[in-house]
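Visitor: Here is a sequence together with a model predicted from it:
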Amino acid sequence: MVCGRSNRVVREIVFLGRSNVGKSTLLRQMVGKKVRVGRKPGVTLKPNQFFLDDLLITDLPGFGFMHGVQKQKNEQIKSSIIRYLEENSDRILLAVQVIDAGSFVDLVDRWSMRNEIPIDVEFFHFLHDLDLDVVIAVNKIDKLGDIESELDEIVQRLGMYPPWRQWRDKIALICAKKGEVGELRELIKSRLHDIKRDDLLKHFS
Ligand SMILES: Nc1nc2c(ncn2[C@@H]2O[C@H](COP(=O)(O)OP(=O)(O)OP(=O)(O)O)[C@@H](O)[C@H]2O)c(=O)[nH]1
Ligand SMILES: [Mg+2]
């Protein structure tokens, strides 16, 4: 896909995560676009997209179990996200996987106890299988007590070694609800700088 005015190949940043982790809140805070927040989960399979110049921003539908949504529909959502990522991996500059800091560890452990691969972990590995650059946006950090040890637990669940601080280039601590999204902005800006697209930095300042 080329973008009309600049004739440049479109690059893309995708936001994905379990339903209700705060993807839409985050996007709205970060780029000031009106992204639907808190609507009934699992209603649409279509990603919510907009352009910042020729950078495409994609808010993928939330995945995982949702109250009031049939299992079959959850599977459908998951497949549609997988298909979307596979079909567009060439142009995806960065995948931002958003997690809810307050519930992530418990959720992962609950799945693991049932001998199932937790869906967040599955997606995290899938993104790497596609060779994508992945940043974990640890949202809702206002819910954390002992931040240091809880973050160590989180990175371990994702298959990374603690201490979490050695992964500063992959992990952004944010509180979307309060507009505290600076760490993620910085990581995105560094990626844009790396591909010589400083002209796009203004969108994340
Ligand atoms: N405590 C806390 N709540 C937050 C934060 N960010 C978002 N929320 C709340 O989390 C809920 C879900 O937010 P959304 O932005 O709609 O979540 P989503 O990931 O887009 O959900 P889906 O579109 O269903 O996938 C809302 O009630 C938000 O106010 C945060 O940093 N801290
Ligand atoms: Mg949303």
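Guide: Arrived safely. Ligands and ions are numbered 1, 2, ... in the order given.
Visitor: so how many other residues sit close to the residue lying closest to L16 once chain neighbours are set aside?
Guide: Distance criterion CB to CB, 6 or more residues apart in numbering; nearest residue to L16, sequence neighbours excluded, is L60 at 4.3 Å. For every residue, glycine as well, the C-beta is placed using N, CA and C. Look at L60: counted by other CB atoms under 10 Å, it has 24 neighbours.
Visitor: what's the answer for K196, then?
Guide: For K196, the neighbour count with other CB under 10 Å is 7.
Visitor: where does the closest residue in space to T25 that isn't next to it in sequence land on pLDDT?
Guide: In this structure, T25 finds its nearest non-sequential neighbour in A176, 4.2 Å apart by CB to CB, 6+ apart. Looking at A176, its pLDDT reads 97.
Visitor: Next, work out how far apart A176 and S205 are.
Guide: To S205, A176 is 17 Å away according to CB to CB, to the nearest Å.
Visitor: Name the residue in the two with the higher neighbour count.
Guide: A176 (25 against 6).
Visitor: wait, the more buried one sits on N20?
Guide: No: using CB atoms under 8 Å, A176 is not in contact with N20, being 11.9 Å away.
Visitor: Now do the phi/psi pair for the residue nearest to L16.
Guide: Main-chain dihedrals, L60, degrees, to the nearest 10: phi -80, psi 150.
Visitor: Show me what counts as buried in the strand or helix carrying E186.
Guide: Counting by DSSP states H and E, the element that carries E186 is helix 182-194. Neighbour-count burial for helix 182-194 flags 183-185, 187-189, 191-192 (criterion: 16 or more other CB atoms under 10 Å).
Visitor: Check which helices and strands that helix sits against.
Guide: helix 23-31, strand 92-100, strand 134-139, strand 171-173 (3 or more CB pairs under 8 Å, 6 or more residues apart in numbering; DSSP states H and E).
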